[in-house]
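Chemist: Sequence first, predicted model second:
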Amino acid sequence: MGLGASGIVAGMRLYRYVGAVLLAALSACGDSLMFEPLPAGTVVLAFGDSVTYGTGARQGEDYPSRLAELTGWHVRNAGVPGDTAREATERIADAIADTGAAIAIIELGGNDFLQRRSAADVKEDLRTIVRSARDAGVLPVLVSVPQLSVLGAVTGRLSDSPIYAELAAEEGVLLIEDVFAGVLSDVALRSDPIHPNAEGYRVLAARIAEELERAGLLARR
């Protein structure tokens, strides 16, 4: 019996993911992961909370829109303001199915930290999301989120929560670190203590693109 259209799409997505993972295993140098470039038109899922959604800027100034302009990819914005990693575990499968994405850029955890959830619990929810993407044949990319710090916000010295580097190492996932924290540490790039402004989203997208290019997922521009 032949495959239907949905089966063919799923098979192609799985093929792309397996190929990327094999290349990463062969090309790893130290702790780095290297991939083949994704062509223009590739569907990318931006999965996250209000920062992915674009709170603090106008429509079209969010980081997924900016990333699409920089890469030529079709970046689908699946940001939900107020979303937590725990809640997002229940919608990742539908988001992937709805978009048919090849990779998922995951930015979550900030609202969990604001709710004073334990870092260990947030880490396990993120692990569930990462594995759900991987099980669906989608390459997960994790964006580090700053750990909650009033002093850091005031002094402009925010730093990533260590759970992201831990999880990336444990799951063999590409990690984009020191980017989000860097934007929120600069008062000129944020609309409030937890959201970038339009310029902040532009910088966030540019730095994410740089890290994706460094990892090989984005062809050198």
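Modeler: Noted; the coordinates are in hand.
Chemist: Okay, now the unreliable bits of the protein?
Modeler: 1-32, 149-156 (pLDDT under 70).
Chemist: where do the helices sit along it?
Modeler: 5-27, 50-53, 63-71, 85-88, 92-99, 110-114, 119-135, 150-155, 162-171, 180-184, 198-215 (DSSP state H).
Chemist: looking at the ones you listed, which is closest to residue 77?
Modeler: helix 63-71 (4.2 Å; Cβ to Cβ). From N, CA and C alone the C-beta is placed, and that goes for glycine too.
Chemist: quick one: that closest one to chain centroid distance?
Modeler: 13 Å (Cα atoms, centre = their mean, to the nearest Å).
Chemist: again with stretch 95-107
Modeler: With Cα atoms, centre = their mean, you get 10 Å for stretch 95-107.
Chemist: residues of that stretch that come out buried?
Modeler: Neighbour counts using 16 or more other Cβ atoms under 10 Å place 95-96, 99-107 of stretch 95-107 among the buried residues.
Chemist: Put together CSV for the helices of the chain, with distance to residue 36 on each row.
Modeler: Listed next are the helices of the chain as CSV, based on distance: least, Cβ to Cβ, whole Å:
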stretch, distance to residue 36
helix 5-27, 6
helix 50-53, 25
helix 63-71, 15
helix 85-88, 28
helix 92-99, 21
helix 110-114, 31
helix 119-135, 17
helix 150-155, 37
helix 162-171, 20
helix 180-184, 26
helix 198-215, 10
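Chemist: Which among those is found nearest to residue 40?
Modeler: Closest among those, using Cβ to Cβ: helix 63-71, at 7.5 Å.
Chemist: which strands and helices sit next to the closest one?
Modeler: strand 43-48, helix 50-53, strand 74-79, helix 198-215 (3 or more Cβ pairs under 8 Å, 6 or more residues apart in numbering; DSSP states H and E).
Chemist: Adjacent strands (with direction) for the first one?
Modeler: Listed by DSSP bridges, the sheet partners of strand 43-48 and their directions read strand 74-79 (parallel), strand 103-107 (parallel).
Chemist: The last one relative to helix 162-171, how many degrees between them?
Modeler: Between the axes of strand 103-107 and helix 162-171, defined by axes from the mean of the first three to the mean of the last three Cα atoms, to 10 degrees, the angle is 150 degrees.
Chemist: Now tell me what touches strand 103-107 from outside.
Modeler: With contact meaning Cβ atoms under 8 Å, 6 or more residues apart in numbering, strand 103-107 is reached by 38, 42, 44-49, 51-52, 79, 92, 95-96, 126, 129-130, 133, 138-143, 145, 176, 180, 208, 217.
Chemist: CA-only coordinates of that strand in PDB, if you can.
Modeler: Taking Å, rounded to 0.1, in the frame of the first residue of the first chain, the C-alpha atoms of strand 103-107 are listed here in PDB:
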ATOM      1  CA  ILE A 103      13.300  22.100  13.300                       C
ATOM      2  CA  ALA A 104      11.800  23.600  16.500                       C
ATOM      3  CA  ILE A 105      13.500  26.500  18.300                       C
ATOM      4  CA  ILE A 106      12.400  26.200  21.900                       C
ATOM      5  CA  GLU A 107      12.300  29.200  24.200                       C
END
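Chemist: and it with helix 198-215, angle?
Modeler: Using the same axes, to 10 degrees, strand 103-107 lies at 130 degrees relative to helix 198-215.
Chemist: and what of the first one?
Modeler: Between strand 74-79 and helix 198-215, the angle comes out at 120 degrees (the same axes, to 10 degrees).
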